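Visitor: model the structure of this input:
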Amino acid sequence: MTQSLKKFWQDERAAVAVEAVIIMPILAWLFVASFVFFDAFRTYNTSLKATYAVADFFSRQTEALSDTDIDGLNSVFQFLTRNTEGSEMRVTLIRRARNDYRLDWSYATGGRTRLRRADLVGLEDRLPIMERGERLFLVETFLPYVPAFNVGMAPQEFVNFTVTRPRFAHGTIRLNLS
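Guide: Below you'll find the model as predicted:
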């Protein structure tokens, strides 16, 4: 018996096949996982760039905005991120009062809630230093992401927070709701 066990351990025929059976599932999982992580990174990066593009549009406004303008820009955001549904946007015009920040207006698309004064208190440390009377746009986008394969990454929502100053409008920019 010991002789046949010794012969079995020394036999190297089919060693490559056994190694392939062991390593192929690991290589396949690594390939799929790298695809999923790269896709998540690409989706987040695309959503960030699309948020900057939308925020740049708001920074160039000189006239009143309407809710249909913001809903249309949410559609542009969806197009740029290749997301057909589920993304949402919240746009807020904030001004600096004497010692605090005030909301001129806020509008959100989809089921997202508008920003309220109580919410603004929690965001003050993320806002840039502003002079009294200065205004800025806060553009927040929310993009759901579901991985194509289950490799340990849970579905999540990419949230972008972008602040931009109006370039040409020195007064307030109104929001006309229809």
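Visitor: what about the top strand by length along the chain, distance to the chain center?
Guide: Criterion DSSP state E: the longest strand present in the chain is strand 135-145. From the chain centre to the centre of strand 135-145 is a distance of 9 Å (Cα atoms, centre = their mean, to the nearest Å).
Visitor: what is it packed up against?
Guide: Other helices and strands packing on strand 135-145, by 3 or more Cβ pairs under 8 Å, 6 or more residues apart in numbering; DSSP states H and E, are helix 15-59, strand 88-96, strand 156-164. No exception for glycine: its C-beta is placed from N, CA and C like everyone else's.
Visitor: just checking: what are the partner strands of the last one?
Guide: This points to strand 156-164. strand 135-145 (antiparallel) (DSSP bridges).
Visitor: okay, buried residues for the strand it pairs with please.
Guide: For strand 135-145, a neighbour-count test (16 or more other Cβ atoms under 10 Å) marks 135-143, 145 as buried.
Visitor: quick check, nearest of those to residue 39?
Guide: When the buried residues of strand 135-145 are compared for distance to residue 39 (Cβ to Cβ), residue 145 wins out at 8.6 Å.
Visitor: which one is the most centrally placed residue in the chain nearest to, not counting chain neighbours?
Guide: Against the mean C-alpha coordinate of the chain, by Cα atoms, centre = their mean, the closest residue is residue 158 at 3.1 Å. Closest residue to residue 158 in three dimensions, ignoring its sequence neighbours and counting by Cβ to Cβ, 6 or more residues apart in numbering: residue 143, at 4.5 Å.
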